[in-house]
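Engineer: Here is a sequence with its predicted model. Questions after.
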Amino acid sequence: MEISIRSKYSLCQLLEELNRTDVTLFLEKHGITPLDDNGGWVPEPWVMTVRNWMLQAPASRIGDLLQELVRTAASWRNNVSPRYVFDERWEDLFLCLSLDGFAVALDEYGQPQKYLVPVEPKLDGIKPFDDELSIAIQRSGVPLGPEIIDRLQAASDAFRRSEMNNCLSNVRIALETLVKSLATELGATPSESAKFGAALSFLVSAGFLDNGQEKSIAGNYLLVSQGAHRPIGFTEQEYVRFGRNVALSSCYFIIKKWNGEHGLPGRA
């Protein structure tokens, strides 16, 4: 189960609220052992040690740990006082997992089950989309790269706060900023890069995009620009997660194409 760094951090925050001895055994059971070479705890805050080992652990082991955590959540919660501390961290973890495309399974009557399932197709060995996109933007060296990454992070944070319109607004601005930034890099005048549509058209005239790619990206931009007004059949959270993923896909396509044409490396 490939989850984002954001979800791993949220998981560590939840584990910090649980009994340290129980969590140590839990981690060791799944082959995630936060011990140094001498068999003792490293001289740093415990949660940071857990974080370091979580970042190094294979995706399959983290997935198994998460599945057991879901199955036994009630037992863990009963040992936390006050229980709202567990509930807050648990909710944050599942909002993060939702952004990664995972949710608790539902039976035929819509009742939650005690295991996680992907809500969209997943490919083994593929890093979470958020992480891949941020790395690609950093490698691109585009002047507004940090601002774009900040907007993507703001979108994720808004989703976790249930600010659905704010989530889509930030991811739309990230896509818009990326298109404008690349148009400027390719020589667009201020008037040609001032608005999203003009900047996108310039990328076509400059030979960076073709007409089909322009229409696809423009359509995705329009979809997220409409905000969280979901069509029938979607919950608000489902639709916003879908819209966010659509915008992320456009950003990913654009920046990967840019990096490829400029001889920048792909994956680490």
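Structural biologist: That came in fine, so what should we check first?
Engineer: residue boundaries of the helices in the stretch 1-150 of the chain?
Structural biologist: 5-16, 20-29, 46-56, 59-71, 73-78, 83-99, 129-140, 145-160 (DSSP state H, counting those that start in this stretch).
Engineer: Show me what the second one is packed up against.
Structural biologist: Spelled out, that is helix 20-29. helix 5-16, helix 46-56, helix 59-71 (3 or more C-beta pairs under 8 Å, 6 or more residues apart in numbering; DSSP states H and E). (Glycine included, C-beta is placed from N, CA and C.)
Engineer: Quick one, which of these gets closest to residue 138.
Structural biologist: helix 5-16 (13.4 Å; C-beta to C-beta).
Engineer: possible to save the helices and strands packed on helix 20-29 as JSON lines with distance to residue 109, mean pLDDT and mean neighbour count?
Structural biologist: Listed next are these as JSON lines, based on distance: least, C-beta to C-beta, whole Å; pLDDT from 0 to 100; neighbours: other C-beta atoms under 10 Å:
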{"stretch": "helix 5-16", "distance to residue 109": "28", "mean pLDDT": "94", "mean neighbour count": "20"}
{"stretch": "helix 46-56", "distance to residue 109": "35", "mean pLDDT": "86", "mean neighbour count": "16"}
{"stretch": "helix 59-71", "distance to residue 109": "19", "mean pLDDT": "94", "mean neighbour count": "17"}
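Engineer: before we move on, back to that, which of the helices of the stretch 1-150 of the chain sits closest to residue 174?
Structural biologist: Closest among the helices of the stretch 1-150 of the chain, using C-beta to C-beta: helix 145-160, at 3.8 Å.
Engineer: Please point out which parts of the closest one sit buried.
Structural biologist: 145, 148-149, 151-152, 154-156, 158-160 (16 or more other C-beta atoms under 10 Å).
Engineer: what's the answer for stretch 129-140, then?
Structural biologist: Result for stretch 129-140 [16+ other C-beta under 10 Å]: buried residues 129-130, 132-137, 139-140.
Engineer: For the longest strand along the chain, C-alpha coordinates in PDB please.
Structural biologist: Of all segments of type strand in the chain, defined using DSSP state E, the longest is strand 112-118. The C-alpha coordinates for strand 112-118 follow below in PDB (Å, rounded to 0.1, in the frame of the first residue of the first chain):
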ATOM      1  CA  PRO A 112     -18.200   0.400   7.100                       C
ATOM      2  CA  GLN A 113     -16.000  -2.700   7.200                       C
ATOM      3  CA  LYS A 114     -12.800  -3.200   9.100                       C
ATOM      4  CA  TYR A 115     -10.300  -3.000   6.200                       C
ATOM      5  CA  LEU A 116      -9.000  -0.400   3.700                       C
ATOM      6  CA  VAL A 117      -9.500  -0.600  -0.100                       C
ATOM      7  CA  PRO A 118      -8.300   1.600  -3.000                       C
END
